[in-house]
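Novice: Fold the following and give me the result.
(4 chains)
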Number of protein chains: 2
Amino acid sequence: MRQNKYLTIYKELTDRIKSGEVKPGEVLPSENDLTIQFDTSRETIRKALNLLSQNGFIQKIKGKGSVVIDVQKMSFPISGLVSFKEVSKNLQMESVITRVHDFGLIKPDDFLTQQLDATSSDEVWKVTRSREINGVNIILDKDYFLKKYVPTLTKEICEGSIYEFLENQLNLNISFAKKEIVVEDCTDEDRKHLDLEGFSHIVVVKNYVYLENTSLFQYTESRHRLDKFRFIDFARRSV
Amino acid sequence: MRQNKYLTIYKELTDRIKSGEVKPGEVLPSENDLTIQFDTSRETIRKALNLLSQNGFIQKIKGKGSVVIDVQKMSFPISGLVSFKEVSKNLQMESVITRVHDFGLIKPDDFLTQQLDATSSDEVWKVTRSREINGVNIILDKDYFLKKYVPTLTKEICEGSIYEFLENQLNLNISFAKKEIVVEDCTDEDRKHLDLEGFSHIVVVKNYVYLENTSLFQYTESRHRLDKFRFIDFARRSV
DNA sequence: AAGTGGTCTAGACCACATC
DNA sequence: ATGTGGTCTAGACCACTTG
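Specialist: A predicted model of the protein is given here:
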């Protein structure tokens, strides 16, 4: 099976960039060169290069080549579909403690019914967790999963990575999400679980997560203390 | 010249979705059908469909088809490379007044030199503008452009759309940007130009904008009153 | 079995940048 | 004139979904 050749090429090229084998400002080999190097067709090479471009590794310039973008200045994009576990991989050397405060099956109220496109007969997993980073509680995650898509869930799983469980154990294919960032007044729940140090407002990231079959299966509110919040995005000019 | 056939197809298909000709949950015609409809090859159709997918219009499902995503729930993504003018197109029926408070050429200080990758010999256009929306001053935009890429600029241009000027008059090709969102303490400048109503913090969107040739030419800080800030993003699972 | 999207190929012509 | 990326074609085989 000769599948996903373009993904293999994508990974190889990102490795070359990350390792510094090709430095920012320099160009990758031409598409024709790459077809020879990887023994493939040009369209397959272009598929891999387009991925590099979309993810901010290169800028393609007509007549010149694929210029490597300075990733230093880019820092680590926290965009895309990220779970907290993925974000925390970037928080190297920082100690993170996850605490589960609330876990169980509930009947959705009006708000949740609307957020999750649910019906009154649906059941919903509710999980409330706080994240202590370097000794300070700064993030409160409130997750809601539709039970019809997530039949089983335990408190133990919630103490680790829910996404790992959903993808590897339940084989759910998470496909896309809508993210909304706003600032709200702190709630009593925020004050109870977080070290707010007098902040009266909190950054709220609302996430609507969809499966491959376009069904909405999760709504999440990730509530961050103002001074610890940071969102980074790489964006290309849209058509 | 038969160029950009796939863009034409993309626009035609988005029109069909926006007009409600194809409704959320329904599928587009199959790729083979579309090749016939548009008298083209399948790869060209797929190029158009991939654009639709990236921009959150459809979800492609193997064996089934291209399902239209509910754009209602998606609202208007403010992601991508947007200037204020583009954002304000979505603020229909709302009155917007732009005021230029500061305009001129400056020598970059240490902070700007670092943000713009500039040298001490570079000159920088500095533009400070406030946005009054529905009678309230809620956004303060601080723009910095490297003069070597933007030779001319006037206060009058800044009262309208700088981006329109850059793209249509100067023919600058804006290509990609890095966006960073954080919350900071309000400055005296914020208090001077905005109606802060006692808010002590402010949402700051920092934008590093790059040209097609990968040179950084603009740094912008867009400072939004907490309660009026909203950021929406559509994200696909990254590889 | 038939239809769908996912991947891949080997060619072609074009517009752009460089020498 | 040469090399680069951008677009387009006509075909092929595969994996998946549905009848």
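
Novice: The strand or helix carrying residue A:59 - what's its average pLDDT?
Specialist: Take DSSP states H and E as the rule and residue A:59 turns out to sit in strand A:58-61. Strand A:58-61 comes out with an average pLDDT of 94.

Novice: for it, packing partners?
Specialist: When contacts are defined as 3 or more CB pairs under 8 Å, 6 or more residues apart in numbering or on different chains; DSSP states H and E, strand A:58-61 sits against helix A:42-54, strand A:65-68. (C-beta placed from N, C-alpha, C; glycine too.)

Novice: Quick check: what element follows the helix or strand bottoming out on mean pLDDT in chain A along the chain?
Specialist: Every helix and strand of chain A was ranked by mean pLDDT, DSSP states H and E. The lowest is helix A:84-90, at a mean of 56. Downstream of helix A:84-90, the first helix or strand assigned by DSSP H and E is strand A:96-106.

Novice: what are the pairing partners of that next one, and which direction each?
Specialist: Here strand A:96-106 is paired, per DSSP bridges, with strand A:124-133 (antiparallel).

Novice: Show me what the partner strand is in contact with.
Specialist: Strand A:124-133 is contacted by residues A:84, A:91, A:94-108, A:112, A:116, A:118, A:137-147, A:150, A:153, A:158, A:162, A:189, A:193-194, A:228 when judged by CB atoms under 8 Å, 6 or more residues apart in numbering or on different chains.

Novice: Just the buried ones from those residues?
Specialist: Buried members of those, scored by 16 or more other CB atoms under 10 Å in any protein chain shown, are A:84, A:98, A:103, A:108, A:112, A:116, A:118, A:137-147, A:150, A:153, A:158, A:162, A:193-194, A:228.

Novice: Just those residues: which are in helices?
Specialist: Mapping those onto helices (DSSP state H) picks out A:84, A:112, A:158, A:162, A:193.

Novice: and chain A, what are its domains?
Specialist: A:5-72, A:84-228 (automatic domain parsing).

Novice: Go through those domains and name the closest to DNA strand C.
Specialist: Comparison of those against DNA strand C by CB to the nearest atom of the strand identifies domain A:5-72 as nearest, at 2.5 Å.

Novice: Poorly predicted segments of chain A, please.
Specialist: Filtered on pLDDT under 70, chain A yields the residue ranges A:1-3, A:71-94, A:238-239.

Novice: who in it is up against DNA strand D?
Specialist: Residues of chain A lying close to DNA strand D by CB under 7 Å from any atom of the strand are A:1, A:3, A:27-28, A:30-33, A:42-43, A:46, A:49, A:60-66.

Novice: Please pick the buried ones from those.
Specialist: Among those, those classed as buried by 16+ other CB under 10 Å are A:28, A:31, A:46, A:49, A:60, A:65, A:66.

Novice: and the gap between the nearest residue to the first one once chain neighbours are set aside and residue A:29?
Specialist: By the measure of CB to CB, 6 or more residues apart in numbering or on different chains, the closest residue to residue A:28 outside its immediate chain neighbours is residue A:66, 4.3 Å from it. As for residue A:66, its distance to residue A:29 is 8 Å (criterion: CB to CB, to the nearest Å).

Novice: What is the neighbour count of residue A:217?
Specialist: By the other CB atoms under 10 Å in any protein chain shown criterion, the neighbourhood of residue A:217 contains 21 residues.

Novice: Could you say which helix or strand holds it?
Specialist: For residue A:217, the enclosing helix or strand under DSSP H and E is strand A:216-225.

Novice: Now do that strand and strand A:124-133, the angle between them.
Specialist: Strand A:216-225 and strand A:124-133 meet at an angle of 30 degrees, taking axes from the mean of the first three to the mean of the last three CA atoms, to 10 degrees as the criterion.

Novice: Quick check: what element follows strand A:216-225 along the chain?
Specialist: strand A:231-236.

Novice: What lies in contact with stretch A:6-18?
Specialist: Stretch A:6-18 has contacts (CB under 8 Å, 6+ apart) with A:21-22, A:28, A:34, A:38, A:40, A:44-45, A:47-49, A:51-52, A:55, A:57-58, A:68, A:71, B:239.

Novice: switch the cut-off to 10 Å
Specialist: Residues outside stretch A:6-18 that contact it (CB atoms under 10 Å, 6 or more residues apart in numbering or on different chains): A:2, A:4, A:21-24, A:26, A:28-29, A:34, A:37-38, A:40, A:43-52, A:55, A:57-58, A:66, A:68-69, A:71, B:239.
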